[in-house]
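*Asks:* Have a look; sequence and predicted model below, questions after that.
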Amino acid sequence: MSATLGTITVAQRLRSIFSGSVGNLIEWYDFYVYSFFSLYFAKAFFPKENTTAQLMNTALIFALGFIVRPIGAWLMGAYADRHGRRAALLLGVTLMCGGSLLIAVCPTYASVGAVAPFILVAARLLQGISLGGEYGASATYLSEIATSKHRGFYSSFQYVTLIGGQLLASLTLLALQRLLLSGAQLEAWGWRIPFVVGALLALGGVALRRNMSETDAFLRQETEGKLAKSPLRDLWANRRAAMIVVGLTMGGTLAFYTYTTYMPKFLTNSVGLSRDTATLISTVSLFLYMCLQPLVGALSDVVGRRPVLIGFGVFGTIFTLPILSAMLATKDAFTAFLLLCAALVIVSGYTAINAVVKAELFPASIRALGVALPYALAVSLFGGTAEYVALWLKNAGVESLFFWYVTACIAGSLAVYVLMADTRKTSLIDRD
């Protein structure tokens, strides 16, 4: 279903926000299941080495999924600007389904040798292309479909569902660990279960997104013949906004992946907690973090986007080193949990509103591409490599350098927040 220009009702708006958000949750679940279950399947795809080396190999393939995201952002961002946000979101969840299914049936190193990691890489590249376009199309869709007074609140549901996808992946691991399977069963074959579930959920996402309404902003561009003829050229004309996206993303995405996807490994491999305890800490903290996003998004509708971003930048720069150092020093699970929650409260100043800030920087004709491509480049450089850099520095015996690296990147983003305008007041969405 695609509403015609100007006919979208409140019920259609809410239904479309729900469908877009749930589809986003499914995509991120499929993507993050890889990270959460890598502790169990690392041995299945690589020769026997020490645990850190095996995790480095799986982290590198995780990073490859991010490296290809700019390609997906370019292809699917341009597709969303030419053919509609709804069409791009539908295509993205379909590709994610294929990637999850491929991992679920992938043979092991013991059965096919070096072919196994190559199949794993192919599946992650397919998922990376899907996710590269998902972010831009989803951020654009939720920002355009929302009313201007509550745009920060509604667009925050992109990260509610992104975190929800991580949380669902974590809950799946927790259920399998504690209720259904032994550690040996998980390592032998149980790790395939969440990928099968992911493929089935993605099919449900396809059904939901088929019934979404298209946004008025895109329909107006289409009706008035203003669709971009050369999206990349038009993006170059808006290169200042694209550079702002890279700068404001750098520190936020690195902090986000440090405290979410890398944290179970950090708590297990560095702090010394058990895998079950690390999973429980990550799961509970992710739930609290998810609930915080709409509150911060609503706050930005009142005080503006820039003050919220500056809050993240200041507190992130000051407290990243102390928080990570204290985590490394403690052996108490509850202390580690409290420290992680404190870190995630700080990071919420970025995650809750970064999607709407980026969408408000670009005109409708290149909004999906403008949000997706520079963001994907920044995430590939800083977010997707977070695990690998952290593990490499640990393996080199200088793990604390990673804490300084995260701090420096947040400080760099803080400089961008201080210098940029408040997009709530200058939003191009309101000028479409």
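*Replies:* That came through fine. Numbers count the residues shown, from 1 in each chain.
*Asks:* What residues of stretch 380-400 count as buried?
*Replies:* 380-394, 399 (16 or more other Cβ atoms under 10 Å). In this view, the C-beta of every residue, glycine as well, is placed from N, C-alpha and C.
*Asks:* actually stretch 418-428, not the one I typed
*Replies:* Here stretch 418-428 shows Met420, Asp422, Thr423, Arg424, Ser427, Leu428 as buried, counting by 16+ other Cβ under 10 Å.
*Asks:* and what of stretch 97-104?
*Replies:* For stretch 97-104, the buried set under the neighbour-count rule, 16+ other Cβ under 10 Å, comprises Cys97, Gly99, Ser100, Leu101, Leu102, Ile103, Ala104.
*Asks:* which residues touch it?
*Replies:* 30, 33-34, 119-120, 122-124, 126-127, 130, 192, 195-196, 198-199, 202-203, 205-206 (Cβ atoms under 8 Å, 6 or more residues apart in numbering).
*Asks:* Are any of those buried, and if so which?
*Replies:* For those, a burial check counting by 16+ other Cβ under 10 Å picks out 30, 33-34, 119-120, 123-124, 126-127, 130, 192, 195, 198-199, 202, 205-206.
*Asks:* so Tyr135 sits right up against Leu373, yeah?
*Replies:* No - when contacts are counted by Cβ atoms under 8 Å, Tyr135 is not listed as touching Leu373 (10.1 Å).
*Asks:* Confidence-wise, which helix or strand of this structure is lowest on average?
*Replies:* helix 51-67 (a mean of 66; mean pLDDT, DSSP states H and E).
*Asks:* starting at the chain centroid, how far to the next helix or strand after that one?
*Replies:* Toward the C-terminal end, the helix or strand that comes next after helix 51-67 (DSSP states H and E) is helix 69-83. When C-alpha coordinates are averaged (Cα atoms, centre = their mean, to the nearest Å), helix 69-83 and its chain have centres 17 Å apart.
*Asks:* Please put the alpha-carbon coordinates of helix 69-83 into PDB.
*Replies:* Extracted C-alpha coordinates of helix 69-83, given in PDB (Å, rounded to 0.1, in the frame of the first residue of the first chain):
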ATOM      1  CA  ARG A  69      28.200  -0.800   3.700                       C
ATOM      2  CA  PRO A  70      29.200   2.400   1.800                       C
ATOM      3  CA  ILE A  71      28.500   0.400  -1.400                       C
ATOM      4  CA  GLY A  72      25.000  -0.500  -0.100                       C
ATOM      5  CA  ALA A  73      24.500   3.000   1.100                       C
ATOM      6  CA  TRP A  74      25.300   4.400  -2.400                       C
ATOM      7  CA  LEU A  75      23.200   1.800  -4.300                       C
ATOM      8  CA  MET A  76      20.200   1.700  -2.000                       C
ATOM      9  CA  GLY A  77      20.400   5.300  -1.000                       C
ATOM     10  CA  ALA A  78      20.100   6.400  -4.600                       C
ATOM     11  CA  TYR A  79      17.400   3.800  -5.100                       C
ATOM     12  CA  ALA A  80      15.400   5.200  -2.200                       C
ATOM     13  CA  ASP A  81      15.700   8.700  -3.700                       C
ATOM     14  CA  ARG A  82      14.700   7.500  -7.100                       C
ATOM     15  CA  HIS A  83      12.100   4.900  -6.400                       C
END
